[in-house]
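Chemist: Got a predicted structure here, sequence first:
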Amino acid sequence: MKRRSKLKKLVDQSGPLIALLIMCTFLAIVSPKFLTINNLMKIIEQSTINGLISLGLFMAILTAGIDLSVGSIVAFSSMIMGLAAVKWGVNPYLSMLLCLGCGAGIGLINGVLLTRLNLPHPFISTMATKNIFRGLTLIVTASVPISGLPGPIQFLGSAYLLGIPVPLVLLLVVYTIFFFIFKYTVTGRHIYAVGGNYEAARLSGIDTKNTITLVYIASGFMAGLAGIVLAGRVNAVYPTAGIDYETDAIAATIIGGTSFMGGIGTVHGTLFGALIIGVLRNGLNLLNVPPSMQTVLLGCVIVGSVYVDVLKQRSMKKIKPGAGQKLGRTTILCEDRSAAGISQK
Amino acid sequence: MKHAVRILISLLLILTMAAGCAAQPSAAAKETTVAVILMSLNSDYWMLVKAGAEKAASDLGVKVVVMGPSTEADITGQVNMIEDQVTNEVDAIVLAPSQPAAVIPALEKAKAAGIPVINTDMQIEWDGMAGFAGTNNTNAGKLASEYLASHLQAGDKVAVVRGAEGLTDHDQRASGCIDGLKEKGIDVVAIQPANSDRGMAVSVAENILQNHPDIRGFFATSDQMALGVAQAVKNEGLLGTVLVCGLDGEPDALNAILNGDMSATVAQLPFEMGRLSVEMAVKTIKKETFEKNVDTGCTVVTSDNAKEFLDTLNKALGK
């Protein structure tokens, strides 16, 4: 019995991974070019930007919030980096730090708007910064793209280390770091707690305001990092960068099992979500399926993965379904969902 | 195992749908294939390029696959498409880039794979390009200035409504027109961007009309904006007094000219762009020589020739 439930738990928690593997198998059969090393590396390269931004969205959605400004942060930070490195003669490494700093800074603004100015919901605060910084990007740069970025800046987005694309290494390193943060550190637990039940977290002594601010700073930072990767990938910074990036990032987070109610979700789930989207788009491109249809299928994948989650939640409840109980309102201080289910009111 | 089964079912459903709409895999007998990657397929303009490309393909006996992201703003989507077609080992690529600077790394990958690239519509500054077929934007702007000048006198006031700053096409159209107007002594009182957005063009034109009530004409660097400008002019009851000239030759604009809601447009010839660029791609594959830089030209369309021009277009679109 014990062994069976352990295996069951593993399957429960690997929903997105199983979906990813099934999708890859199918595409490998239908498209001969899909399963080549070259193409698999392409998929990683094409998914890295979304993968990084999705981590930021993961954190925001985990706290029952959202960050709509990520696209504008990508544009603004990368443009500042481009201006610094190419027009102002700033050292490339410093320019990259500037990019990350801008990202974190805008994230800080998001956090402050929410927790100090008490704007009612992150949807509002991040929509505001989304517009402000998109506009500022166009103003600061007179809408002109900048090409010819120095080598060090291009490294994260386009270089190869011993035949392995650097974006892959970056993605693994970043996700591993965040996996550890959320599984083993106090801050990680605090973020889950704040998302699960804000009031309970606050009353139990967690600094909820600063935790949330930290989340948005981190999200902005990830967007800045994504901006560096984008700049490397296309060897240019341009003011219309990042438009609609938040859409795929939110999709990756949702497919990865993060709940909009807050408090539920995993780092690795988000990675698989981002890879699912990358695989879907790449595979369908290879099959010459038009992007319009790709978008339809992406929507279906979202419905499918969330529905599976809904079924899982219902079976975890020990009471009749439809009794009006909201999951995710209990303070979840550990990732183990079945434990949370048992301690459900 | 209930949950795994449910996951499997949901996914199989999805993947069956995907199978249903997947085009034929490229494992067919090695037919010469040209991938035509456009900024998008969401307007008549791009559908005309597609029609031209397909005509050239059928004339020359090659296969053409026309694609583009859902919106022109999806620059990374277009870059990914280029890379994926390189993976598909097509014989040549025709490209209309949404952001010329951003596609160059992907084009370098195409070059490394031995796939020639023909550029169309928006010009890319890249020395590996096998050829370019598109509108000379400066000439197009000049044609607009000639139209306006032929109906106005020296000292009359004209405004230019243009696409977002930094878009080379719009830069060249605007300056081509402005230079032409200045030569004829016509006063350009305002140059405002409306970001290729019809709605924004209405507001921009309204503001210009407020500030310069004695204005005699507008040039908009795209038809979408011209239609917005025309709307503002109509709202002020100035149709017929104030000329509105657009650029592109979109069917919407041509209909407006027929209805008297707009004065003229400098029509690009997207059908020719599609046709000539695919021809050039095939010549490159066959290692024939050809003229590398082709101006696909423009036609000034007014109420005189709008009907016949529109008929030609509709025929090409299969309407």
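Modeler: All right, it came through fine. Computed from a predicted structure; not experimentally measured. Residues are numbered from 1 along each chain as shown, chains lettered A, B, ... in the order given.
Chemist: which ones are touching B:G166?
Modeler: Residues in contact with B:G166, defined by Cβ atoms under 8 Å, 6 or more residues apart in numbering or on different chains, are A:141-145, A:239. For every residue, glycine as well, the C-beta is placed using N, CA and C.
Chemist: Now for those: which two are most distant?
Modeler: Spatially, the most separated pair among these is A:A142 and A:P145, at 10.6 Å (Cβ to Cβ).
Chemist: quick one: which of those two has more around it?
Modeler: A:P145 (22 against 9; other Cβ atoms under 10 Å in any protein chain shown).
Chemist: what's around the nearest residue to that one once chain neighbours are set aside, how many residues?
Modeler: Nearest-residue entry for A:P145: A:Y238, 3.6 Å, with adjacent residues in sequence omitted and distances by Cβ to Cβ, 6 or more residues apart in numbering or on different chains. Taking other Cβ under 10 Å as the criterion, the count of residues near A:Y238 is 27.
Chemist: next one: B:N235
Modeler: Residues near B:N235, counting by other Cβ under 10 Å: 13.
Chemist: before we move on, back to that, quick check, nearest of the contacts of B:G166 to A:F133?
Modeler: Using Cβ to Cβ, those come closest to A:F133 at A:P239, 10.8 Å.
Chemist: Could you look up the SS state of that closest one?
Modeler: coil (DSSP: H, G, I helix; E, B strand; the rest coil).
Chemist: residues in contact with it?
Modeler: By Cβ under 8 Å, 6+ apart, the neighbours of A:P239 are A:75, A:79, A:137-138, A:141, A:143-145, B:166.
Chemist: quick one on the thing from earlier: my guess is the residue nearest to A:P145 contacts B:I75. True?
Modeler: Yes. The criterion here is Cβ atoms under 8 Å, and A:Y238 meets it with B:I75 at 7.3 Å.
Chemist: which residues do the two both contact?
Modeler: What both A:Y238 and B:I75 touch, as defined by Cβ under 8 Å, 6+ apart, is the set B:99, B:102.
Chemist: Tell me the residues of the stretch 151-300 of chain A that contact chain B?
Modeler: A:158, A:230, A:233-236, A:238-241, A:243-244, A:281-282, A:284-293, A:295, A:297, A:300 (Cβ under 8 Å from any Cβ of the partner chain).
Chemist: if we go to 7 Å?
Modeler: For the stretch 151-300 of chain A, the contact set with chain B under Cβ under 7 Å from any Cβ of the partner chain comprises A:158, A:233-236, A:238, A:240, A:243-244, A:281-282, A:285-293, A:295, A:297, A:300.
Chemist: are any of the residues you listed buried, and which?
Modeler: Among these, those scoring as buried are A:158, A:233-236, A:238, A:240, A:243, A:281-282, A:285-291, A:293, A:297, A:300 (criterion: 16 or more other Cβ atoms under 10 Å in any protein chain shown).
Chemist: Now intersect these with the helices, please.
Modeler: In helices, judged by DSSP state H, the following of those are found: A:158, A:233-234, A:281-282, A:285-286, A:291, A:293, A:297, A:300.
Chemist: Just put those in TSV and tack on distance to A:T25 and pLDDT.
Modeler: Output for these, formatted as TSV (distance: Cβ to Cβ, whole Å; pLDDT from 0 to 100):
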residue	distance to A:T25	pLDDT
A:S158	29	86
A:R233	28	91
A:V234	31	89
A:R281	17	92
A:N282	15	93
A:N285	18	91
A:L286	15	91
A:P291	23	86
A:M293	20	91
A:L297	16	92
A:C300	18	92
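Chemist: nearest to B:A101, of those?
Modeler: Taking these together and measuring to B:A101 by Cβ to Cβ, the closest member is A:V234, at 7.2 Å.
Chemist: residue contacts, that closest one?
Modeler: Counting by Cβ atoms under 7 Å, 6 or more residues apart in numbering or on different chains, A:V234 makes contact with B:79, B:102, B:105.
Chemist: now the helices for the stretch 151-300 of chain B?
Modeler: Counting by DSSP state H, counting those that start in this stretch, the stretch 151-300 of chain B has these helices, from start to end: B:168-183, B:198-211, B:223-235, B:251-259, B:270-285.
Chemist: For chain A, find the nearest of the ones you listed.
Modeler: Of all the helices of the stretch 151-300 of chain B, it is helix B:168-183 that lies closest to chain A, at 9.6 Å by Cβ to the nearest Cβ.
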